[in-house]
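*Asks:* next one to model:
(chains A and B)
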There are 2 protein chains.
Amino acid sequence: MNTQTHQIAVTQFVKAAGINFAYRRFGKKGSVPLVLFQHFTGNLDNWDPLVIDGLAAEREVILFNNRGVASTEGEVPLTYGAMATDAIAFIEALGLKQVDALGFSMGGGVVQELALQKPSLVRKIILVGIAPRNGEHMQQLSPEAQAIFGKQRENPDELWLDVFFSPSETSQAAGRKFLERYRARTNDRDAAINERVAGNQLTAIGEWGQPSVAGEERFAYLRNIKQPALVVNGNNDIIVPTINSYHLQQYLPNATLILFPDSNHGSQYQYPEEFLQYANSFLNK
Amino acid sequence: MNTQTHQIAVTQFVKAAGINFAYRRFGKKGSVPLVLFQHFTGNLDNWDPLVIDGLAAEREVILFNNRGVASTEGEVPLTYGAMATDAIAFIEALGLKQVDALGFSMGGGVVQELALQKPSLVRKIILVGIAPRNGEHMQQLSPEAQAIFGKQRENPDELWLDVFFSPSETSQAAGRKFLERYRARTNDRDAAINERVAGNQLTAIGEWGQPSVAGEERFAYLRNIKQPALVVNGNNDIIVPTINSYHLQQYLPNATLILFPDSNHGSQYQYPEEFLQYANSFLNK
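*Replies:* The predicted structure follows:
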C-alpha cells in the first residue's frame, strides 16, 4: 500500500557513478516504475504534486536530481547525452531492469538520449514540452521568452505563470492553482540549486539545439527510438515551439501526440485531469 | 434505456427543406445528441459499429444521409456549405436546439461549415481526418491515393483497408477487424448511393480545396469556430495529409489534437478503444 505522497515523500540517496543521487520513490507497487526527468533549473520540488500523485496512484514514481542538481552531488554535465549516462547509472543502482520515463522540457531531451543509449532499460516514454535534437527555433530563445526570463518579480516562482501558462485568464487561473500546489510542501523541501547549474544546463540546451553531426538528416535519429511514446504539449509553447512536438510524433516510429488548447510550455499542469487520464491509460495498456 | 444498436437501429425519415432525410437515432437519452457526418460516398452503414455503439453508450447518436445520399432524396449539393445548410434543416426538423457534431473526412468539412453558419446549434465538434478549407496538398489526390482508388479489388469494400489503414501488418490486421464489423449488419442495410453522388461530392471536395475568396488569409476563418473541438487523425493520412490536422488545432481557438501512430485516414477505427476514451471524455466534460 502506498502511504506516501509528493507532499511527504522522504528524500533518499543512492550511490552511483561515484556520487550520491537524491531521489524520492513512492506510489503503487507492482508495475513498471516511472522515472521522471525534470526541467531546466528544477529540483525534486518542481513537479506538480497533483500530477505526480495521480501517476503514483497507478504505479511507483521515482523523482530524482541528476548529477549536480540541488541535493545530488557533482557537476551538471554539458550535454543531454552525459545526463542520460548518469541517469542510467542511477536507475541501475536502484536495481531496476526496466522503467518507464517521463521527461519534461530539458528532461524530455535526456529521455530521448536515455532511450537511444540503453533501449532495453526503457519500456515506454512520455515527452512533454520538448523538441527533437536540432529542433525548429531551438537555437536560441524567442524574444518573447527572453523577456519572460528577464522580468523582475516580487515572488520569483511566479516566473512559472509566464513560462508554463498562456496569457489568457483561464490559463493564468490554472497557473495560480498550480503555484499553490507547488508551494504546498513546507517540510523538508529539496536543497536549492547552486550557482553553476543554470549555466551548465544552458550549455547542454544549446548543444541539443544543434545537429550532433553536421549535415546529418534532420530528426532521422528518432527512427531508432522504438519505445511506445506519448508526446504532449500546449498549442502555443513559447519556450519549445509546438511544431517540434509534431515533428517528434512524425519521426518516432510509435508515438501518439496530444496538443492542448490555450496553453503554453506546461500544458500538463494546466489540464492535470486530462493529462493523467491520457498518461495513465498510455502507461497501463 | 437504450435498446437499439448500430446493428439493428431502424432507418427513420423526417421531412426538411422539401425532402425526406433518412436517419437512425439511438443511444442513451438525456444529454446533448451527437450528429455524425459521413465521409465521401458513405451511407448509414459506413460507420464502425464498435465506435458508434461506444458513443451511444453515453449519449444519443444520430446517423443521417445528407441530401442526395443513398436513402435520402434529392441531389447532392456541390459545396460543403450547401451540405451544412441542409444539415441544419434536418437537425431542426428533429426539434433539436443544440447538438454535438462529429465529422469524418468530407463530413468534417461540413461540420466546420455548420459551426460557422449556425454557431448556436452546435455545442462541441469532433473533426476526424479532415483539413481546413484550402488545406495543404488538398487541391488534388496524391499519386499514392490515386493508385489506391484506381486499384481493382475482388471485394470492393477492401478499398477501406488501403484508405483507412496503414500498410503495416498491425494496421492491416486492425483493418480486417473493422471490415468484419462493417459487414456484420445484414438486415435492412441502407440503399446504395446512386451514380451521381461521387461526382457531385468530388466537386464539393475540390471547392473545399480552394480559398473561398482569392487572397484571403489562409485558415483565418477557423478563428470564428469557437466551439470546443477535438481534432483526430493518423500520423500519416494519405487522403487528407496529417499536417492539416495540426493546422486545425493551431487555428481553432479551442481545440485539442490527437494523432495516433502507424495509421492513416481511419485512425479512429484502428484504435476504437482509445478513440472512444478520448471522444466520450471530451463530450462528457
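*Asks:* drop to CA atoms for contacts and neighbour counts, all remaining ones
*Replies:* Noted.
*Asks:* might one say that residue A:136 is in contact with residue A:238?
*Replies:* No. Using Cα atoms under 8 Å as the test, residue A:136 is too far from residue A:238 to be in contact (11.9 Å).
*Asks:* neighbour count winner among these two?
*Replies:* Higher neighbour count among residue A:136 and residue A:238: residue A:238, with 24 against 16, using other Cα atoms under 10 Å in any protein chain shown.
*Asks:* do you know the pLDDT at the more buried one?
*Replies:* According to the prediction, residue A:238 has pLDDT 96.
*Asks:* for it, what are phi and psi?
*Replies:* phi -90, psi -10 (degrees, to the nearest 10).
*Asks:* quick one: residues contacting residue A:228.
*Replies:* Taking Cα atoms under 8 Å, 6 or more residues apart in numbering or on different chains, we find residue A:228 in contact with A:123, A:124, A:125, A:254, A:255.
*Asks:* now the closest residue to the first one other than its chain neighbours: how far from residue A:86?
*Replies:* I take that to be residue A:123. Ranked by Cα to Cα, 6 or more residues apart in numbering or on different chains and with sequence neighbours excluded, the top spatial neighbour of residue A:123 is residue A:100, at 5.3 Å. Using Cα to Cα, to the nearest Å, residue A:100 is found at 16 Å from residue A:86.
*Asks:* put the alpha carbons of the helix or strand of chain A with the lowest mean pLDDT into CSV.
*Replies:* The helix or strand of chain A with the poorest confidence is helix A:143-150; it has a mean of 90 (mean pLDDT, DSSP states H and E). Provided in CSV are the C-alpha atoms of helix A:143-150 (Å, rounded to 0.1, in the frame of the first residue of the first chain):
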residue,chain,number,x,y,z
PRO,A,143,12.4,37.4,-27.9
GLU,A,144,9.1,36.7,-26.1
ALA,A,145,10.7,34.0,-24.0
GLN,A,146,13.8,36.2,-23.3
ALA,A,147,11.5,38.9,-22.0
ILE,A,148,9.8,36.5,-19.7
PHE,A,149,13.1,35.2,-18.2
GLY,A,150,14.4,38.8,-17.8
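*Asks:* that one - contacts with which helices or strands?
*Replies:* helix A:159-164 (3 or more Cα pairs under 8 Å, 6 or more residues apart in numbering or on different chains; DSSP states H and E).
*Asks:* continuing past the helix it packs on, what's the next helix or strand?
*Replies:* Counting by DSSP states H and E, the next helix or strand C-terminal to helix A:159-164 is helix A:169-183.
*Asks:* pull the CA atoms of that following helix into PDB?
*Replies:* The C-alpha coordinates for helix A:169-183 follow below in PDB (Å, rounded to 0.1, in the frame of the first residue of the first chain):
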ATOM      1  CA  GLU A 169      -7.400  34.500 -18.000                       C
ATOM      2  CA  THR A 170      -8.300  30.800 -17.900                       C
ATOM      3  CA  SER A 171      -4.800  29.600 -18.300                       C
ATOM      4  CA  GLN A 172      -3.500  32.100 -15.700                       C
ATOM      5  CA  ALA A 173      -6.100  31.000 -13.200                       C
ATOM      6  CA  ALA A 174      -4.900  27.400 -13.700                       C
ATOM      7  CA  GLY A 175      -1.400  28.700 -13.200                       C
ATOM      8  CA  ARG A 176      -2.200  30.200  -9.900                       C
ATOM      9  CA  LYS A 177      -3.700  26.900  -8.800                       C
ATOM     10  CA  PHE A 178      -0.500  25.100  -9.900                       C
ATOM     11  CA  LEU A 179       1.500  27.600  -7.900                       C
ATOM     12  CA  GLU A 180      -0.500  26.800  -4.800                       C
ATOM     13  CA  ARG A 181       0.100  23.100  -5.200                       C
ATOM     14  CA  TYR A 182       3.800  23.700  -6.000                       C
ATOM     15  CA  ARG A 183       4.200  25.800  -2.800                       C
END
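*Asks:* need the contact partners of the following helix or strand past that helix.
*Replies:* Going down the chain from helix A:169-183, the next helix or strand is helix A:197-208, by DSSP H and E. Helix A:197-208 has contacts (Cα under 8 Å, 6+ apart) with A:40-41, A:68-69, A:75-80, A:106, A:109, A:133-134, A:138-140.
*Asks:* CA atoms only for the helix or strand following helix A:197-208, dumped as PDB, please.
*Replies:* The first helix or strand that comes after helix A:197-208 along the chain, using DSSP H and E, is strand A:229-234. The C-alpha trace of strand A:229-234 is given here as PDB (Å, rounded to 0.1, in the frame of the first residue of the first chain):
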ATOM      1  CA  ALA A 229       5.900   7.300 -26.900                       C
ATOM      2  CA  LEU A 230       3.300   9.800 -25.700                       C
ATOM      3  CA  VAL A 231       4.100  13.300 -26.900                       C
ATOM      4  CA  VAL A 232       2.300  16.200 -25.100                       C
ATOM      5  CA  ASN A 233       2.400  19.900 -25.400                       C
ATOM      6  CA  GLY A 234       0.400  23.100 -25.400                       C
END
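*Asks:* sorry, back to before: in the least confident helix or strand of chain A, which residues are buried?
*Replies:* Going by neighbour count (16 or more other Cα atoms under 10 Å in any protein chain shown), the buried part of helix A:143-150 is A:145, A:148.
*Asks:* what does it contact?
*Replies:* Under Cα under 8 Å, 6+ apart, the answer for helix A:143-150 is A:159, A:162, A:163, A:238, A:239.
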